[in-house]
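Student: Provided below for reference: sequence and predicted model.
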Amino acid sequence: MSFLQAEISKILTWSCVDGPGNRMVLFFQGCNYNCVACHNPHTIGLCNDCGDCVPACPTTALSMRDGKISFDPSACTACDACLEACPINANPMVQTYSVESILALLHENAAFLSGITVSGGEATMQLHFVRALFAAIGRDPALQHLTRFIDTNGHLGPKGWASVLEVTDGVMLDIKAFDPALHQRLTGRSNARSLASAYILHKAGKLYELRYLMIPGQTDSAAELESLKAFARSLGGPVRLRLNAFRSHGVRGEAAAWPPMPGDEVAAAARQLARANIGPVALPAIL
Amino acid sequence: MITPENQSFRHIVNNPTLSAAQKARALSVEAENSLDYPMLDEETQAALAARVICDMFEGHAPYKPRYVLPDYAVVLKNGSARLELPVAQTLDEAIHTLMIAYHHVPSVTGMPVYIGQLDDLLLPYCDGVSDAALYQQLKLFWRYLDRVLPDAFMHANIGPTDNRVARMILRVDAELQQIAPNLTFRYDPMISSEEILRLAVTNITICSKPHIANHPLHRQVFGGRGYGIVSCYNALPIQGGASTLTRVNLAKVAALSDGVEDFLTNKLPYYAELNFRLTQARVNYLFTESGFFESFLVSEGWLDKTRFTAMFGVFAMAEAVNALQDKAGKQGRYGFDAGANALGRQISARLEALVAARPLENVWQGRAMLHAQAGLSTDTGYTPGLRIPYGTEPDPVTHIRALAPHHQHYPSGISEILTLDETVKNNPEAVLDLCKGAFASGFREFTANVGGNDLVRVTGYMIRLSDVANFNAANGSRTNTTALGAEAADLTDILQRKPRVVANELLAGGDQ
C-alpha cells in the first residue's frame, strides 16, 4: 500500500500514438517547460483554486468548497469551457489518483493493452509516483507483461533517471530544438539537460524513440535538421527517430496563428534522415 | 397487377443509371411483390404495416432462403450430375468448379452471400503449386468475383489455421482493395498463429477488411458440421443457412410501452410473438409452397433441408433504452451510463428467453436464432442492432467493454463497427491489442473501419467512398451495394461515425 498520490488531467484506455501497441496513457498535470507551441497547454499549470473557472462551467460541475475547487465528474460534459477560463494554463478537472487506483484501472483493461505510457504535462515531475506505479506493475503477475514507457522532455537529471530506469521499459524523449537560443525561446529553458538525458537513456538501452517537432520557420531549418542528424549519430548506436509536425490545434497565444507544417517537407526531412542510416525514421500517419 | 402503365415498373425500365441486369433484378422484385403475401393474422399484419416488426422487404413470396451456405466441398469431391461437372483434380479445376457453383446459389440478393471456407476448400489442391502460381490464380479469382458477382454481401471465410491459401488471400485482398468479396478470418487462439492474426489486422489498417470472428464462441453454437460468416456478420450453419430474417424495432416497442415493466412483461413479448408468426408464415411458404427444396442443391447434398434457421433480428436498442430511460425520468444514455447499459443487458436477456421459449416448425433445432440486425439503408433515426449511436461513441476500448456483455445473447450475429483514426496505420499492433481484448471480453466479431481508407464498411458490407461520390454524380455503379451505400449515407448517419483523434500533433498538415 502506497500513500503516494498523483495529479492526473486525463487517462486514455485507447492510444496508438504513445508507443508500441495500444497503451493506457496517464497525462500528468504540470510541466517544467512552458512551450509556446504546446498542443496541450492546459496541462502545464497547477491549479491555485482562484475560482475563475467556476462561473464558466455551464453544468455546475465546478464549485468552491472551503476555498478549494471541487469537481463533480458526473455533471461534466467535457465542454472544456473551464480550460478556456483558466488564467494560468491549469485544469480544474484534474483528479488525484493513488497507485492502487491506477493498478485497478490496468486490471480492468489489461486484455486490451500492450502497456502503459506516462505523459503530460511532464510525468517525471511526479517521479516518486511513476516509480512506485511501475514497480508495482512489475510485481503483479496479471500486469507484468505490460511495457512501461515514459514520454518526457528530458529535463530530469541523472539521479532521477537512475532511480526509475530499472522499472521502465522505454522512454520517448522530445528534443524541442538544438540551437540553445531557439530552445530557450520556444520552451523557456535550456536544452542542456534534455540532450544529456538522451545520452543517459541511450546508454541504458531505454531510449525507445527520439522525437522532434518540426515548426515552420523555426525548427525546420536545414541547420536544425543537420544538428538532429549529428546529435542522433553522436549517441553511438541506432536510435529510432520520430518527426512530428506542428499544427495549431489546441495551441494558445502567439503560436495559435502559426501555419501548420507542410506534410511534404516533413516527408523530405524524413527521407534525408533515413539516408543517414541512424535508425528507423517514423512519420505522422497523415502527411 | 402488372400493367403497361405501372409507374414503378416504368421507372425501373427507363432508369439510365441501372444496367440491364440490374433492371431485370429490380423488375423481378416488383413482380414478386405484386403477389399476395403469405397469410397473416390481423394483429401480425397491423404490426408489419406499422413496421414495429419488419420482414426486411424480402418479398411477398419467399421462393429462396434469405441466406444459403452450400457445402462446396460436396461439389468439389463428388462433382455434380446436374451441372455435368467432374470431380475436381487440380487447383484450376477446383476454382473453376466453384466459379460455376456460385451461379447456382440463390439468396435474397439473387447472388451468393457465401462463397465458402476457401482455404479448407482449396488447400487439398495446392500441393506442388508454387506461390507465384497460387498468387496469380487467386488474383484472377478475386477479380472475377468482384466483376461478375459485384455484391458486397458476398462473403468468403478463411482460418482459423495459418495456411498458405489464407495468407495469399489476405495478400491479394489488401492489394486489390475491392468491395467484393467480403472476408472473414476465423480466429482461435489455440489454433491460429499470432502471425496470421497480425497479418489480418494489418490488412484492416489498409482496407478495413477482413472481419475477425471469435471462432471458439461460434464453434460452441454450431458444432462439428460447421458455420460460415456471411453477408453482414451473420453466423449460420454450413450446408444450410437462414430461411428468413425478420426483426423487431425495439425503439417502436419502447414508444408503445408505459415504462420498463410494461416493455419487458407485456409489449416486448407481444411483438416478439407477432414476429414469430411472421417468421413462421414466411418459412412455411418457402418449405411447402415454393418448391425450393426440390432443387438439385438438396438432392446432391450441397444443402440439407434441416439446417436452415430463422433469424430473429432486433435493432434500435439504443433508442429503445434511451426512450425507456426518459419514461423513468432518468438521464443516463445507452453506451455511457451504467444504469442504461444494465437495462440494455436486461432486454437482451429477455429476448434470448423469448426466442428459446418459442418452438418453430421447419427451422434448424426448432428455434429461431437471435440476431442484432445491422440495419437497412432506409432506417432513418434508428441505430443498427445494439450499436451506440453514430457520432457519440466513446473510445474503442470503452465502446467494446460497454457492448461485450450483450454478445453472449446473439448467436447468429452481432456486430459493432469500430472507427479508428488514421494514426493507427502506423501502429497495427494497437489494433491487434484491441481485437484480442475484444475477444477476451466476449465479442463474437471484431470489425474496424480505419480513417483515410477508400474502402469503408456501411452496415456490414463494403463500399468505396469514391464510388459513392461517383454514383451521386449520376454515373450509376456496376455494383449493386453502392446504391444502398449511397442511400444509407443520405438517409442515415453512417458516415458520421466519429474517429478518435488522440494526438493532434501527429496529424501533419491533415487539415490543410
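Tutor: Done, it's in.

Student: which regions of the stretch 51-200 of chain B sit below the pLDDT cut-off?
Tutor: For the stretch 51-200 of chain B, not a single residue meets the criterion pLDDT under 70.

Student: How many residues are close by the residue of it found nearest chain A?
Tutor: The nearest approach of the stretch 51-200 of chain B to chain A comes at B:Arg198, 11.2 Å away (C-beta to the nearest C-beta). The way it works is simple: take the backbone N, C-alpha and C, and place the C-beta from them, glycine included. Residues near B:Arg198, counting by other C-beta atoms under 10 Å in any protein chain shown, number 15.

Student: So for it, what's the nearest residue that isn't a sequence neighbour?
Tutor: B:Leu432 (5.9 Å; C-beta to C-beta, 6 or more residues apart in numbering or on different chains).

Student: ok so, going back, what's next to the helix or strand harbouring the residue of the stretch 51-200 of chain B closest to chain A, contact-wise?
Tutor: Assigning secondary structure by DSSP states H and E places B:Arg198 in helix B:194-207. If you take C-beta atoms under 8 Å, 6 or more residues apart in numbering or on different chains as the criterion, helix B:194-207 is touched by B:159, B:162, B:166-167, B:170, B:173-174, B:177, B:185, B:187, B:209-210, B:212, B:424-425, B:428-429, B:431-432, B:435-436, B:448, B:450, B:453, B:455.

Student: and that helix, how far out from the chain's middle?
Tutor: 21 Å (C-alpha atoms, centre = their mean, to the nearest Å).

Student: now swap in stretch A:88-96 and tell me
Tutor: Between the mean C-alpha position of stretch A:88-96 and that of its chain there is a distance of 16 Å (C-alpha atoms, centre = their mean).

Student: Flag every buried residue along it.
Tutor: When neighbours are counted by 16 or more other C-beta atoms under 10 Å in any protein chain shown, the buried residues of stretch A:88-96 are found to be A:89-94.

Student: I'd like to check which residues are in contact with B:Arg51.
Tutor: With the criterion set at C-beta under 8 Å, 6+ apart, B:Arg51 makes contact with B:249, B:252.

Student: hang on, the earlier thing: return the helix holding B:Arg198 as PDB; C-alpha atoms alone will do.
Tutor: What follows is helix B:194-207, C-alpha atoms only, in PDB (Å, rounded to 0.1, in the frame of the first residue of the first chain):
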ATOM      1  CA  GLU B 194      -0.200 -14.800 -33.700                       C
ATOM      2  CA  GLU B 195       1.500 -14.100 -37.000                       C
ATOM      3  CA  ILE B 196      -1.600 -14.600 -39.200                       C
ATOM      4  CA  LEU B 197      -3.800 -12.600 -36.800                       C
ATOM      5  CA  ARG B 198      -1.200  -9.900 -37.200                       C
ATOM      6  CA  LEU B 199      -1.400 -10.100 -41.000                       C
ATOM      7  CA  ALA B 200      -5.200  -9.900 -40.800                       C
ATOM      8  CA  VAL B 201      -5.200  -6.900 -38.500                       C
ATOM      9  CA  THR B 202      -2.600  -5.100 -40.700                       C
ATOM     10  CA  ASN B 203      -5.000  -5.700 -43.600                       C
ATOM     11  CA  ILE B 204      -7.700  -3.900 -41.600                       C
ATOM     12  CA  THR B 205      -5.400  -0.800 -41.400                       C
ATOM     13  CA  ILE B 206      -5.100  -0.900 -45.200                       C
ATOM     14  CA  CYS B 207      -8.500  -1.800 -46.500                       C
END
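
Student: quick one on the thing from earlier: my read: the residue nearest to B:Arg198 touches A:Pro20, true?
Tutor: No: taking C-beta atoms under 8 Å as the contact criterion, B:Leu432 and A:Pro20 are not neighbours in contact, 10.5 Å apart.

Student: ok so A:Ala6 is a helix residue?
Tutor: No: residue assignment for A:Ala6, taken from DSSP: H, G, I helix; E, B strand; the rest coil, gives strand, which places it outside any helix.

Student: So it is in contact with A:Tyr97, correct?
Tutor: Yes: at 5.3 Å, A:Ala6 and A:Tyr97 qualify as touching, with contact defined as C-beta under 8 Å.

Student: quick one: common contacting residues for the two?
Tutor: Here A:Ala6 and A:Tyr97 have A:Leu26 as joint contacts, going by C-beta under 8 Å, 6+ apart.

Student: So for these two, which residue has more residues nearby?
Tutor: When neighbours are counted by other C-beta under 10 Å, A:Ala6 comes out ahead of the other of A:Ala6 and A:Tyr97, with 25 against 20.

Student: In contact with that one, which residues?
Tutor: A:Ala6 makes contact with A:26, A:28, A:96-97, A:102, A:126, A:129, according to C-beta under 8 Å, 6+ apart.

Student: Counting neighbours, which of the contacts of helix B:194-207 end up buried?
Tutor: When burial is judged by neighbour count using 16+ other C-beta under 10 Å, the buried members of the contacts of helix B:194-207 are B:159, B:162, B:166-167, B:170, B:173-174, B:185, B:187, B:209-210, B:212, B:424-425, B:428-429, B:431-432, B:435-436, B:448, B:450, B:453, B:455.

Student: out of those, which are inside helices?
Tutor: Filtering those for membership in helices, criterion DSSP state H, returns B:166-167, B:170, B:173-174, B:428-429, B:431-432, B:435-436.

Student: How many residues are close by residue 225?
Tutor: Using chain A. Taking other C-beta under 10 Å as the definition, A:Leu225 ends up with a neighbour count of 19.

Student: Chain B, not that one
Tutor: When counting by other C-beta under 10 Å, one arrives at 12 neighbours for B:Arg225.

Student: What pLDDT is listed against it?
Tutor: Each residue has a pLDDT score; the one for B:Arg225 is 89.

Student: Tell me who's in contact with it.
Tutor: B:Arg225 makes contact with B:237-239, B:307, according to C-beta under 8 Å, 6+ apart.

Student: Of those, which is the most crowded?
Tutor: Ranking these using other C-beta under 10 Å puts B:Pro237 first, with 25 neighbours.

Student: How about the closest residue to chain A within the stretch 351-500 of chain B: what's its closest non-neighbour residue?
Tutor: When C-beta to the nearest C-beta is the measure, the stretch 351-500 of chain B has its nearest residue to chain A at B:Gly437, with 3.0 Å between them. Nearest-residue entry for B:Gly437: A:Phe112, 3.0 Å, with adjacent residues in sequence omitted and distances by C-beta to C-beta, 6+ apart.

Student: So, low pLDDT: which residues of the stretch 51-200 of chain A?
Tutor: When the per-residue scores of the stretch 51-200 of chain A are filtered using pLDDT under 70, no range remains.

Student: who in it is up against chain B?
Tutor: Taking C-beta under 8 Å from any C-beta of the partner chain, the part of the stretch 51-200 of chain A that reaches chain B is made up of A:108-109, A:111-114.

Student: export the ones in helices among the buried ones among the contacts of helix B:194-207 to TSV and tack on distance to A:Ile150?
Tutor: Converted to TSV, these look like this (distance: C-beta to C-beta, whole Å):
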residue	distance to A:Ile150
B:Ala166	39
B:Arg167	37
B:Leu170	36
B:Asp173	39
B:Ala174	35
B:Pro428	23
B:Glu429	19
B:Val431	24
B:Leu432	23
B:Cys435	27
B:Lys436	25
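
Student: Just the closest of the residues you listed to B:Ala133, please.
Tutor: B:Arg167 (14.7 Å; C-beta to C-beta).

Student: Would you map the strands across the stretch 201-350 of chain B?
Tutor: B:211-214, B:227-230, B:234-237, B:240-249, B:308-315 (DSSP state E, counting those that start in this stretch).

Student: Which one of those strands lies nearest to chain A?
Tutor: Judging the strands of the stretch 201-350 of chain B by C-beta to the nearest C-beta, what sits closest to chain A is strand B:211-214, at 13.1 Å.

Student: Minimum distance to B:Gly301: which of the strands of the stretch 201-350 of chain B has it?
Tutor: Closest of these to B:Gly301 is strand B:240-249, at 11.9 Å (criterion: C-beta to C-beta).
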